[in-house]
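Student: Fold the following.
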Amino acid sequence: MMEPGNDHLRREILAFLARHNVMTLAYQDEDGPGACAVWFAVADNLTCYFLSSQATRHGTALANGGKIAFTIQKDEQDWRSIQGIQGTGFCQPVTAEHRETAWQAYSNRFPFIIKPFQAIATALAAMTLWSITPDWLRLVDNTKGFGHKEELFLDAQMI
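Tutor: Below you'll find the predicted structure:
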């Protein structure tokens, strides 16, 4: 386990997150546990952003904010080279105060969403921008040895 604020581990986690596009998001609602895949962008402070409709099951479950778990990993990995991130945190719609920062991070990562064509404009009109503020991240990296894991614990002041 690593100490909170470990700069090397933070940089390693940030670099991993910046190289991947899809996150599996797990949540809980009155129907039980659920999971979905979302395209995400990450900010330098490790906050992640994604676009999704509030009309989805996860959108309904998280409309007022909620605790979530998530994973990010490379596809088609050999067991000796498994790399990924496991995490927990708080997910909520982005507030007006943070919308510009969140939108900048997301549109920089996926610039096609700002292209002027109708299909994107129509889809974006029905979407909500969401934030995930992680409180715990685990980097799994079998390239450093089988079962190698490093953990980073975060709090609101560190993000």
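Student: just the helices in this protein please.
Tutor: Assigned by DSSP state H, the chain shows helices spanning 7-18, 57-62, 99-109, 118-125.
Student: Check these for me and report the most buried one.
Tutor: helix 57-62 (a mean of 18; mean count of other CB atoms under 10 Å). C-betas here are computed from N, CA, C, even on glycine.
Student: who touches it?
Tutor: Contact with helix 57-62 is made by 25, 27-29, 31, 34, 36, 52-54, 68, 91-93, 128, 130, as judged by CB atoms under 8 Å, 6 or more residues apart in numbering.
Student: okay, the helices of the chain in a markdown table with mean pLDDT and distance to Asp141 next?
Tutor: Listed next are these as a markdown table, based on pLDDT from 0 to 100; distance: least, CB to CB, whole Å:
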| stretch | mean pLDDT | distance to Asp141 |
| --- | --- | --- |
| helix 7-18 | 95 | 8 |
| helix 57-62 | 97 | 28 |
| helix 99-109 | 94 | 23 |
| helix 118-125 | 72 | 35 |
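Student: Show the model's pLDDT score for the closest residue to Leu51 other than its chain neighbours.
Tutor: Spatial nearest neighbour of Leu51, chain neighbours left out: Met127 (4.5 Å); criterion: CB to CB, 6 or more residues apart in numbering. Met127 is assigned 89 on the pLDDT scale.
Student: Near Met127, how many other residues are there?
Tutor: A count of neighbours around Met127, defined by other CB atoms under 10 Å, yields 14.
Student: what's the answer for the one 3 residues further on, then?
Tutor: Taking other CB under 10 Å as the criterion, the count of residues near Trp130 is 26.
Student: Show the pLDDT at the nearest residue to it once chain neighbours are set aside.
Tutor: Nearest residue to Trp130, sequence neighbours excluded (CB to CB, 6+ apart): Phe50, at 5.3 Å. pLDDT, the model's per-residue confidence, is 97 for Phe50.
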